[in-house]
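A.B. asks: Starting from these lines, generate the structure:
(chains A and B)
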Amino acid sequence: DAGVIQSPRHEVTEMGQEVTLRCKPISGHDYLFWYRQTMMRGLELLIYFNNNVPIDDSGMPEDRFSAKMPNASFSTLKIQPSEPRDSAVYFCASSLVGLSPYEQYFGPGTRLTVT
Amino acid sequence: SQKIEQNSEALNIQEGKTATLTCNYTNYSPAYLQWYRQDPGRGPVFLLLIRENEKEKRKERLKVTFDTTLKQSLFHITASQPADSATYLCALGNAGNMLTFGGGTRLMVKP
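C.D. replies: Residues are numbered from 1 along each chain as shown, chains lettered A, B, ... in the order given. Purely as a prediction, here's the structure:
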């Protein structure tokens, strides 16, 4: 398997623009997680899905952030409008509870820079 | 509020020695604890999981202990190698599959 795939790997955008990050989880995995990592705040869980249904979005910082999972093989994280403080590395991770409970497989991340 | 503390200062050790990293937590009753390794520019990679009713877990040169009374986990790498140099993250989990990560400790193994 190719592992968790994220695109783009790098994104530079101007403040106020819409940003869409994409994730393809490992085939067959039933959980998908979106994280944000910064030097100041470390790795923070934003939202996670189980079987395509959002379970907990309490980590989503504001209404500017939204996430969808239209099917088992694709998820998006959208920021609209983007702000400089959104600059971070965004990770997607997936897991299969029945395989090795709670072990999460992370993608390579998307480095977002908002100027 | 929940707090997970890892030593934010880098740990520098000599090749061949045992590296010991610490993870302390407060205001949390985790069902399990995990350790991940993260290399620069990459996502975290799972290493070990230990459940609340387990005291110790081993995997090759890695050993994890979990003391729910002290609210502490220790992560040991024996016979350390320069290739072990990375940032190590501890993460606490609940029954709902959610993880809360510590800030990580950077390990540098010098030849």
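
A.B. asks: and the residue nearest to B:Gln72 when sequence neighbours are not counted, how many neighbours?
C.D. replies: Of all residues not flanking B:Gln72 in the chain, B:Asn24 sits nearest, at 5.1 Å (CB to CB, 6 or more residues apart in numbering or on different chains). All C-beta spots, glycine's among them, are computed from the backbone N, C-alpha and C. For B:Asn24, the neighbour count with other CB atoms under 10 Å in any protein chain shown is 16.

A.B. asks: cool, the one 5 residues further on as well?
C.D. replies: Burial of B:Ser29 is recorded as 11 neighbouring residues (other CB under 10 Å).

A.B. asks: ok, now which ones touch it?
C.D. replies: By CB atoms under 8 Å, 6 or more residues apart in numbering or on different chains, the residues touching B:Ser29 are B:Glu52, B:Thr68.

A.B. asks: ok, and the closest non-adjacent residue to A:Ser94?
C.D. replies: A:Pro25 (3.4 Å).

A.B. asks: do you know how far that neighbour is from chain B?
C.D. replies: Counting by CB to the nearest CB, to the nearest Å, the gap from A:Pro25 to chain B is 13 Å.

A.B. asks: before we move on, what about A:Asp56?
C.D. replies: For A:Asp56 relative to chain B (CB to the nearest CB), the value is 6 Å.

A.B. asks: what is the mean pLDDT for the helix or strand the residue nearest to B:Gln72 falls within?
C.D. replies: Using DSSP states H and E, B:Asn24 sits within strand B:19-26. When pLDDT is averaged over strand B:19-26, the result is 96.

A.B. asks: Please name every helix or strand in contact with that strand.
C.D. replies: The contact analysis (3 or more CB pairs under 8 Å, 6 or more residues apart in numbering or on different chains; DSSP states H and E) places strand B:19-26 against strand B:3-6, strand B:11-14, strand B:72-77, strand B:86-93, strand B:105-110.

A.B. asks: How about the contacts made by the closest residue to chain A within chain B?
C.D. replies: At 3.1 Å from chain A, B:Gly43 is the closest residue in chain B, using CB to the nearest CB. Counting by CB under 8 Å, 6+ apart, B:Gly43 makes contact with A:Val4, A:Phe91, A:Ala93, A:Phe106, A:Gly107, A:Pro108, A:Gly109.

A.B. asks: re earlier: my guess is the residue nearest to B:Gln72 contacts B:Ile4. True?
C.D. replies: Yes. Because the distance of 7.4 Å satisfies CB atoms under 8 Å, B:Asn24 is recorded as touching B:Ile4.

A.B. asks: For chain B, list the residues in contact with chain A, please.
C.D. replies: B:32, B:34, B:41-46, B:49, B:89, B:93, B:96-104 (CB under 8 Å from any CB of the partner chain).

A.B. asks: So which bits of stretch B:29-45 are buried?
C.D. replies: For stretch B:29-45, burial by neighbour count (16 or more other CB atoms under 10 Å in any protein chain shown) applies to B:Pro30, B:Tyr32, B:Leu33, B:Gln34, B:Trp35, B:Tyr36, B:Arg37, B:Gln38, B:Gly43, B:Pro44.

A.B. asks: Thank you, goodbye.
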